[in-house]
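Novice: got a sequence here, can you model it:
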Amino acid sequence: MAKAAPLEKYRNIGIIAHIDAGKTTTTERILFYTGVIHKMGTVDEGNTTTDWMPQEKERGITITAANITTFWKDHKINIIDTPGHVDFTVEVERSLKVLDGAVVVLCGCSGVQPQTETVWRQADRYQVPRIAFINKMDRLGANFDRVLGEMHERLGANAVPIQMPVGAEDTFRAVIDVINEKLITYTDPEGVDLVYSEVPEEFKAQVQTYRHNLIEKLAEVDDHLMEKFLNEKEITIPEIMEAIRRSVLANKFVPVLCGSSLRNKGVQMVLDAVTYYLPSPLDVPPIKGIDPKTQEPAERQASPDAPFSALVFKILSDPYVGKLFFTRIYSGRMTSGTMLYNSSRKMKEKITKVLIMHANKQEIVESASAGEIVALVGLKESKTGETLCDDAHPVVLESLRVPEPVVSMAIEPKTKADQDKLGLIIRKFLDEDPSLRVKYDQETGETIISGMGELHLEIIIDRMKREHNLDCNIGRPQVAYKETIVNKVSGIVGKFITQTGGRGQYGHVVIDVGPAEEPGKGVEFINKIKGGSIPREFIKPSEEGVRTACQNGILAGYPVVDVTVTLVDGSYHDVDSSELAFQLAGKYAMHEALRQGKSRFLEPIMDIEIVTPDDYWGQVIGDLNTRRAKMISTGQRGKLKTARLEVPLSEMFNYANALRSLSQGRATFSMEPAFYAEVPGHITEKIISSRAETAAQKK
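Specialist: Model (predicted):
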């Protein structure tokens, strides 16, 4: 049974990093040292606690964020081990949304990698305080100071070491605590017995330099310490630690630790740093939302006595229990068997069980309160990103930000009998994964699933087969192109008028359409009707018609994005006007605007980082130039050369095999979506003709 802990002793933290930086191994060591497990697994052997899915064990990567509850020095810690692969970035996004703090793991040799930058930006967006752990100090090429420099340059972080490594690569043997000026060594291979001793003479000068730098950097962001520093007063160890905590909570400072999780060095100090420096639910600002009755801003204090509020941030299907709704409770308390109000859907839901999760194992509890992360059983209609609250004090909390998919794939069951089954299974996956999209393509007669990358869709297909015994035929991965308008057009008329003897149909709208001021806006609809030329009840149907038209553009049926549509005029008929007529008028007007404003394709551009030995530099870069790549920067990492480039996703399918053959398997790359950009004219023609060909074949 989970122990109770006062709210100030709670820590809700995420382990975030680039793929292969050592998140899962670090989490496994944390579970071992806190007594949750009694034998440490490894990613290579596929026996870690948090990578429990068959696909995770086989591939050695984290796919789904796993939640674990543990205790360390009378603190209750909820840990979420997040994926590092860019295809599962929504798992990081929704985890950071509900967490109070994060441990960013960096590889001692690879340093700051593209996905490190992505998770750092995500943490910035949610203003999540963080500490950093430079892992793999025992690996060939590990360089503590270089990684620290990259954190300053690439992340813009005020990152300052509170530890320093003794040795590096195969000579890495211990860690020095800069604050307490102590050498920390281990007497056993499992790293359980720590020995604190005086710093050897040879390192004393270096430790003094690090310590002086730490106090100086703290003084820059902490007024209390600044005063003592300027007056050259003695600064005590507790004062340094308190200043670090204040600065971390204010997101002005990132303490940096080091070690090797695989060699069991440094992990206990990470746990100590979590309890010392990262926030409890009481240290973060009250959660903000909207009062659905008044539409006024509302907030909830982190207190068990405040009105209940919680956010469903993840849904998982369990073969024995049914759906598990992972929920962060922000305020109030709840017990199993109670009714909660889903303010996002304006309906009541009953909780049958409250569970504390230990990866894929569950512990039933009677109740849960503010600050906890639990899994609920019994909800029927709730979806990811929705708010549960007390119906006497309703509030709608801010939902999740879901990235746009970049890769699509046609999918169909191998037998006609499985068609309905496919629909049910896809619906289940859509509930679990908000970054997955599905649509039926009228033109080609195909069911299209879209996701964050080839691996993302591959895992979905694999799970369909393993978990639901459904075999599917799949098309080649396709780029999820978008369409947008080039020129602003005004006074575009859309009419739907019919007269068939009895009551007719009459809808008439006039719209202005132009490119959005900034990319990523989607479709923005502005109503500027004055004087009642269109009655209020027909404004919404006009907007629906415009949005329906934007689901399938005029060039090749791809969605229209980044447009601003302004409804400026129109007319109606007292008898014949209807919602349907205005819906169709809006749709026709939008299609005409796209024709007149010259629609164009947009394609996803990827940010790619290449790391290659010097010998293969020419071949690798030459090949990327043929793929329409644009060089952003080059660098050196030890004996390896690095390059950052921007390259269209359409040119990068199956790139892993191409790079392997170009470099005899010695070069590596990582890639993530950066932005959408206009497709060159000759490629546009190819896309349209290929689309027409597919449609003709299907007919």
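Novice: hey, let's count contacts and neighbours off CA atoms from now on
Specialist: Fine.
Novice: strands of the stretch 301-450 of the chain, residue ranges please.
Specialist: With DSSP state E, counting those that start in this stretch as the criterion, the stretch 301-450 of the chain has strands at 309-318, 322-331, 333-335, 339-342, 347-350, 353-358, 361-365, 367-369, 373-377, 387-389, 396-397, 407-413, 437-441, 446-451.
Novice: so which of these is nearest residue 555?
Specialist: Closest approach to residue 555 among the strands of the stretch 301-450 of the chain (C-alpha to C-alpha): strand 437-441, 14.2 Å.
Novice: what helices or strands is the biggest helix by length in the chain leaning on?
Specialist: Using DSSP state H, we find that the single longest helix of the chain is helix 201-221. The contact analysis (3 or more C-alpha pairs under 8 Å, 6 or more residues apart in numbering; DSSP states H and E) places helix 201-221 against strand 159-161, helix 223-230, helix 237-249.
Novice: go again using 10 Å as the cut-off
Specialist: Applying 3 or more C-alpha pairs under 10 Å, 6 or more residues apart in numbering; DSSP states H and E, we find helix 201-221 packed against strand 159-161, strand 163-166, strand 174-177, helix 223-230, helix 237-249.
Novice: highest mean neighbour count out of the strands of the stretch 301-450 of the chain?
Specialist: strand 387-389 (a mean of 29; mean count of other C-alpha atoms under 10 Å).
Novice: ok so, going back, what's the angle from the longest helix of the chain to helix 237-249?
Specialist: 50 degrees (axes from the mean of the first three to the mean of the last three C-alpha atoms, to 10 degrees).
Novice: tell me how far helix 201-221 is from the chain's mean position?
Specialist: Helix 201-221 has its C-alpha centroid displaced from the chain centroid by 35 Å (C-alpha atoms, centre = their mean, to the nearest Å).
Novice: same deal with stretch 206-225?
Specialist: Distance of stretch 206-225 from the chain centroid (C-alpha atoms, centre = their mean) equals 33 Å.
Novice: contacts for that stretch?
Specialist: 158-164, 176-182, 199, 204-205, 226-231, 233, 235, 239-240, 242-244, 246-248, 250-253, 255 (C-alpha atoms under 10 Å, 6 or more residues apart in numbering).
Novice: tally of neighbours for residue 415?
Specialist: For residue 415, the neighbour count with other C-alpha atoms under 10 Å is 11.
Novice: in the host helix or strand of residue 145, what counts as buried?
Specialist: If you go by DSSP states H and E, residue 145 is part of helix 144-155. In terms of neighbour count (16 or more other C-alpha atoms under 10 Å), helix 144-155 has its buried residues at 144, 146, 147, 148, 149, 151, 155.
Novice: contact partners for the fifth one?
Specialist: Applying C-alpha under 10 Å, 6+ apart to residue 149 gives the contacts 111, 112, 155, 156, 157, 159.
Novice: pretty sure the first one sits against residue 638.
Specialist: By that I understand residue 111. No. Using C-alpha atoms under 10 Å, residue 111 is not in contact with residue 638; the gap is 11.4 Å.
Novice: those two: which is more packed in?
Specialist: Between residue 111 and residue 638, counted using other C-alpha under 10 Å, residue 111 has the larger neighbour count: 24 against 15.
Novice: I'd like the distance between the more buried one and residue 145.
Specialist: Counting by C-alpha to C-alpha, to the nearest Å, the gap from residue 111 to residue 145 is 10 Å.
Novice: please apply the same query to residue 515.
Specialist: Relative to residue 145, residue 515 is positioned 46 Å away (C-alpha to C-alpha).
Novice: for the chain, name the helix or strand with the lowest mean pLDDT.
Specialist: Lowest on mean pLDDT, DSSP states H and E among the helices and strands of the chain sits helix 54-59, with a mean of 53.
Novice: quick check: next helix or strand after it?
Specialist: Using DSSP H and E, the helix or strand that follows helix 54-59 towards the C-terminus is strand 66-72.
Novice: that next one vs strand 373-377, what angle?
Specialist: Angle of strand 66-72 versus strand 373-377, following the same axes, to 10 degrees, is 130 degrees.
Novice: tell me the mean pLDDT over strand 66-72?
Specialist: Regarding strand 66-72, the rounded mean pLDDT is 82.
Novice: identify the residue nearest the geometric centre of this structure.
Specialist: The residue lying closest to the centre of the chain (C-alpha atoms, centre = their mean) is residue 93, at 2.6 Å.
Novice: that residue - that's part of a helix, no?
Specialist: Yes. Assessed with DSSP: H, G, I helix; E, B strand; the rest coil, residue 93 lies in a helix.
Novice: surely it meets residue 403?
Specialist: Yes. Residue 93 is within contact range of residue 403, at 9.1 Å (criterion: C-alpha under 10 Å).
Novice: could you list the low-pLDDT ranges of this protein?
Specialist: Where the chain drops to pLDDT under 70, the residues are 1-4, 39-66, 84-88, 359-360, 442-445, 500-502, 694-699.
Novice: sorry, back to before: which ones are touching the residue nearest to the centre of the chain?
Specialist: Shown in contact with residue 93 (C-alpha under 10 Å, 6+ apart): 82, 119, 122, 123, 125, 126, 313, 400, 401, 402, 403.
Novice: ok, now which ones touch the last one?
Specialist: If I follow you right, that is residue 403. 89, 90, 93, 434, 435, 436, 451, 452, 520, 673.
Novice: next, the contact list for the first one, please.
Specialist: Contact partners of residue 89, counting by C-alpha under 10 Å, 6+ apart, are 63-64, 82-83, 95, 115, 118-119, 122, 402-403, 435, 452, 672.
Novice: next secondary structure element downstream of the helix or strand where it lies?
Specialist: If you go by DSSP H and E, residue 89 is part of helix 89-98. Next in sequence after helix 89-98, counting helices and strands by DSSP H and E, comes strand 101-107.
Novice: okay, buried residues for the next helix or strand after that following strand please.
Specialist: Sequence-wise, the next helix or strand downstream of strand 101-107 (DSSP H and E) is helix 114-125. Buried residues in helix 114-125, counting neighbours by 16+ other C-alpha under 10 Å, are found at 114, 115, 116, 117, 118, 119, 120, 122, 123.
Novice: with distance to residue 34 added, can I get those residues in CSV?
Specialist: Below are the buried residues of helix 114-125 laid out as CSV (distance: C-alpha to C-alpha, whole Å):
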residue, distance to residue 34
114, 32
115, 29
116, 27
117, 30
118, 30
119, 26
120, 27
122, 28
123, 26
